[in-house]
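Participant: Fold the following and give me the result.
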Amino acid sequence: MLRSNREKQQAYEFVSIEELVPQDHLLRKVDKYIDFSFIDEKVRPLYCADNGRPAIDPVVLFKMIFLGYFYGIRSERQLEREIQTNLAYRWFLGLGLTDKVPDHTTISWNRRTRFKDTHIFQDIFDEIVLQAIQHRMVGGRVLVSDSTHVKANANKHQYTKQQVLQNTREYMDELNGAVEADRKTHGKKPLKPREDVVEKKEIKVSKTDPDSGYMIRDGKPEGFFYLDHRTVDLKYNLITDVHVTPGNVHDSVPYLSRLDRQRERFGFEVEAVALDSGYLTTPICKGLQERGIFGVIAHRRFHPTQGLFPKWKFTYDAERNRYICPAQHELLYRTTNREGYRQYASDPRHCKTCPMLEQCTRSRNHRKIVTRHVWEDSKEWVRNNRLSRSGKYLYRKRKETIERSFADAKELHGFRYCRLRGLQNVREQALMTAAVQNMKKMAIHLDRLENRG
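Facilitator: Residues are numbered from 1 along each chain as shown. As a prediction, the model looks like this:
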């Protein structure tokens, strides 16, 4: 006998929403172990205390935002629909079965007006990290950093070309001082002051999202992107720093400043870091050595001129400050240029009759020039770190930590594409994505510990 259940849709039942949400639901764990009370204090200066209509509870507002990032719901309109029909979402927000869900425009209005040009999203991310530190889930001793590209909400064919000034590196004053000190040590005259030269380059600027950057990299898609520079702590792979730049900014540019921010903001006593080959620059190597941090950076493969000896074939004699070529002839110091490179030159009289000349140089005067940066010792220190037993172990962990963090963000939390346009909006997306990843990992881990105990 067939029966229809249609009549049950109109039946009245006495139920509690508390009973309808599974006890092992992720949102129950998040609500239990993550303290959201700090949100009220963070946003209080952004609200008027004695004027205007009563505002939606800020905790409810941000919990709605978190739900969108927890479950990769890209549209705020769709988020409102999902909350209307999902009992777990309603329970998490503290809404009853018949309570009206806050309108999706509330979120967008607050983003465009109340939270615009504020640090509220950075503050929320930082507070979650501080809670992780309290739960002993972040050690701050070993950090792993990398960047990933996030496709901008922009058509790569819609752009204009503009001339912009070349970025001046923050370390230039320090490098100039090192060059002058090195020249003085070698008995060279100080370099004449360089006239201010305005160097420009042509870049593509998107018509739809001018804040994004046009990215061209080997093995990467071409177009307008943002870069999410992220750092994770090795202990439990929790994210400790998020920084967003246009896609045409090199990985190494913001690294040291973001490392210092974590040390100051969270009191980290960083002992070691692991980085990809994109960070293998002399300023970063020197910066890590000066900070007393064991740096492990992947090797960057250089492609020397085909048919000629690579640089590593020439041995540097630190005591006598000279290079020795494969034929055991000396290359003596000549000068130190503005870029910070010492030049070592061979004697053409020896090179002219050398049987290895064709493999060494093709210069008309038969002179071989080898360069060495004034901070090259720091780079060799990093190279030795990478080849050590600890360095090899640490670099293997890089794939298991930072790469996994990026993969989860893109596959599970909708961070493969930018939801909105503009650097500020993309920064919000990056920070909130990282925050919910941390909440999720903390809640699951702490729940497991409690059940185990």
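
Participant: When you work out contacts or count neighbours from here on, use the C-alpha atoms and nothing else.
Facilitator: Fine.

Participant: tell me, what residue is most central in this protein?
Facilitator: H229 (1.2 Å; CA atoms, centre = their mean).

Participant: In terms of helices and strands, where is the nearest residue to that one once chain neighbours are set aside?
Facilitator: Among residues not flanking H229 along the chain, S147 sits closest, at 4.2 Å (CA to CA, 6 or more residues apart in numbering). Assessed by DSSP states H and E, S147 sits inside strand 142-151.

Participant: Pull out the buried positions in the helix or strand that that strand is followed by.
Facilitator: Using DSSP H and E, the next helix or strand after strand 142-151 towards the C-terminus is strand 159-165. Across strand 159-165, burial judged by 16 or more other CA atoms under 10 Å covers Y159.

Participant: Relative to strand 159-165, what are the paired strands and their orientations?
Facilitator: Take DSSP bridges as the rule and strand 159-165 pairs in its sheet with strand 200-206 (antiparallel).

Participant: Pull out the buried positions in the strand it pairs with.
Facilitator: Within strand 200-206, the residues scored as buried using 16+ other CA under 10 Å are K204, V205, S206.

Participant: Tabulate these (a markdown table), appending distance to K63 and pLDDT.
Facilitator: Formatted as a markdown table, the buried residues of strand 200-206 follow (distance: CA to CA, whole Å; pLDDT from 0 to 100):
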| residue | distance to K63 | pLDDT |
| --- | --- | --- |
| K204 | 38 | 87 |
| V205 | 35 | 88 |
| S206 | 33 | 91 |
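
Participant: The residues you listed into TSV, with extra columns for distance to G139?
Facilitator: TSV is the format used below for these (distance: CA to CA, whole Å):
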residue	distance to G139
K204	42
V205	41
S206	41
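
Participant: out of those, who's nearest E428?
Facilitator: S206 (20.3 Å; CA to CA).

Participant: Confirm for me that the closest one is in contact with A152.
Facilitator: No. Contact status for S206 versus A152: not in contact, 9.7 Å apart, counting by CA atoms under 8 Å.

Participant: any shared contact partners between the two?
Facilitator: Counting by CA atoms under 8 Å, 6 or more residues apart in numbering, the contacts common to S206 and A152 are S212, F224.

Participant: so what's I239 bridging to?
Facilitator: Per DSSP bridges, the residues bridged to I239 are V232.

Participant: how near is it to D233?
Facilitator: 6 Å (CA to CA, to the nearest Å).

Participant: Looking at those two, which one has more neighbours?
Facilitator: Using other CA atoms under 10 Å as the criterion, I239 and D233 rank with I239 on top: 27 against 22.

Participant: was I right about that one contacting V232?
Facilitator: Yes. Between I239 and V232 there is a contact under CA under 8 Å: 4.2 Å.

Participant: On the pLDDT front, check the residue nearest to R114 when sequence neighbours are not counted for me.
Facilitator: Spatially, and ignoring its direct neighbours in sequence, R114 is nearest to L46 (6.5 Å; CA to CA, 6+ apart). On the pLDDT scale, L46 is placed at 83.

Participant: Surely I107 is in contact with K63?
Facilitator: No. With contact defined as CA under 8 Å, I107 and K63 do not form a contacting pair (10.8 Å).

Participant: rewinding a little: what's next to the strand holding S147, contact-wise?
Facilitator: 223-235, 247, 251, 270-276, 398, 401-402, 406, 415-418.

Participant: quick one: contacts for R364?
Facilitator: Shown in contact with R364 (CA under 8 Å, 6+ apart): no residues.

Participant: Under a three-state scheme, what state does it occupy?
Facilitator: coil (DSSP: H, G, I helix; E, B strand; the rest coil).

Participant: for this protein, longest helix please?
Facilitator: What stands out as the longest helix in the chain, according to DSSP state H, is helix 423-452.

Participant: In that helix, which residues are buried?
Facilitator: 423-443, 446-447.

Participant: Show me what that helix is packed up against.
Facilitator: Secondary-structure packing of helix 423-452 (3 or more CA pairs under 8 Å, 6 or more residues apart in numbering; DSSP states H and E): helix 26-33, helix 58-70, helix 120-134, strand 239-246, helix 389-412.

Participant: buried ones in the third one?
Facilitator: Looking back up the chat, that one is helix 120-134. 120-132.

Participant: Is it possible to get JSON lines of those that adds distance to R300?
Facilitator: Putting these into JSON lines (distance: CA to CA, whole Å) gives the following:
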{"residue": "I120", "distance to R300": "38"}
{"residue": "F121", "distance to R300": "35"}
{"residue": "Q122", "distance to R300": "33"}
{"residue": "D123", "distance to R300": "36"}
{"residue": "I124", "distance to R300": "37"}
{"residue": "F125", "distance to R300": "33"}
{"residue": "D126", "distance to R300": "33"}
{"residue": "E127", "distance to R300": "36"}
{"residue": "I128", "distance to R300": "35"}
{"residue": "V129", "distance to R300": "32"}
{"residue": "L130", "distance to R300": "35"}
{"residue": "Q131", "distance to R300": "37"}
{"residue": "A132", "distance to R300": "34"}
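
Participant: What about the closest residue to K311 other than its chain neighbours, how many residues nearby?
Facilitator: Nearest residue to K311 in three dimensions, chain neighbours excluded: V370, at 7.5 Å (CA to CA, 6+ apart). Neighbours of V370 under the rule other CA under 10 Å: 19.

Participant: Am I right that V370 is in a helix?
Facilitator: No. Counting by three-state DSSP, V370 is not found in a helix; it is strand.

Participant: My guess is it contacts A345. True?
Facilitator: Yes. If you go by CA under 8 Å, V370 and A345 touch, sitting 6.5 Å apart.

Participant: Where does pLDDT dip in this structure?
Facilitator: Filtered on pLDDT under 70, the chain yields the residue ranges 1-10, 50-54, 165-170, 194-199, 453.

Participant: quick one: the residue nearest to V244 when sequence neighbours are not counted from K440, how far?
Facilitator: Closest residue in space to V244, ignoring its immediate chain neighbours: D228 at 4.7 Å, by CA to CA, 6+ apart. Distance, D228 to K440, using CA to CA: 20 Å.

Participant: secondary structure class for R300?
Facilitator: The local conformation at R300, judged by three-state DSSP, is coil.

Participant: and it, what is it in contact with?
Facilitator: Counting by CA under 8 Å, 6+ apart, R300 makes contact with S277, G278, L280.

Participant: which residues sit in contact with the residue nearest to the last one when sequence neighbours are not counted?
Facilitator: Right, the one you point to is L280. Excluding the flanking residues, the one nearest L280 by CA to CA, 6+ apart is I297, at 6.2 Å. For I297, the contacting residues are A274, L275, D276, S277, Y279, L280, V382, R383, R386, Y395, by CA under 8 Å, 6+ apart.

Participant: I appreciate the help and will end here.
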